[in-house]
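Visitor: Here's a sequence, model it:
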Amino acid sequence: MAKELKFVMLLDCYGDLLTEHQRSIMEMYYCEDLSLAEIGQPLDITRQAVRSIIKRTEDILLNYEEKLGFAERLDKMRVYFGMIESSAEHITDEDIKKEITEDIKKVRELL
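Guide: Numbers count the residues shown, from 1 in each chain. Predicted structure coming up:
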C-alpha cells in the first residue's frame, strides 16, 4: 500500500484520537495535498515545524495501528466483500443474487 494511502486510511480510522491541530495538519498534508509552506503560512508556523508535527503524528498513527489493527482489518474486509461480490455474479437465481448484492452495498457503506 502506498505510504500516502496508508496514512489516509489511518487518519480515517484514528483521526478522532488526535488533537484537532494534529488532525487538521495531517488532513491538509495527506488529503488536500498542500505543501509544508501552504500549511504553515496560515498557522504562522515554519515549514520545519509542520514537518515535525507530521512526523510525530505519523508515529502516533502507526502506533495506534500496531496496537489495534483496525485499518488492516478494514482493508481485508473490503477485499473479502469484493470477492463475495464477484462470486455472487455466478449465482443464477436473480432474487438471491440481488439480495446478496444489496447486502454487500449496505456493508460497504459502513466501511
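Visitor: contacts, neighbours, all on C-alpha from now
Guide: Noted.
Visitor: Show residues contacting stretch 82-91.
Guide: Under the contact criterion CA atoms under 8 Å, 6 or more residues apart in numbering, stretch 82-91 has outside partners Lys97, Ile100, Thr101, Ile104.
Visitor: Apart from its chain neighbours, what residue comes closest to the third one?
Guide: In this case it means Thr101. Nearest residue to Thr101, sequence neighbours excluded (CA to CA, 6 or more residues apart in numbering): Glu85, at 6.5 Å.
Visitor: does the one you found sit in a helix, a strand or a coil?
Guide: helix (DSSP: H, G, I helix; E, B strand; the rest coil).
Visitor: Can you check the pLDDT for it?
Guide: At Glu85, the pLDDT value in this model is 87.
Visitor: do the same with the one 5 residues further on
Guide: Note on His90: pLDDT of 89.
Visitor: swap in Asp95?
Guide: 89.
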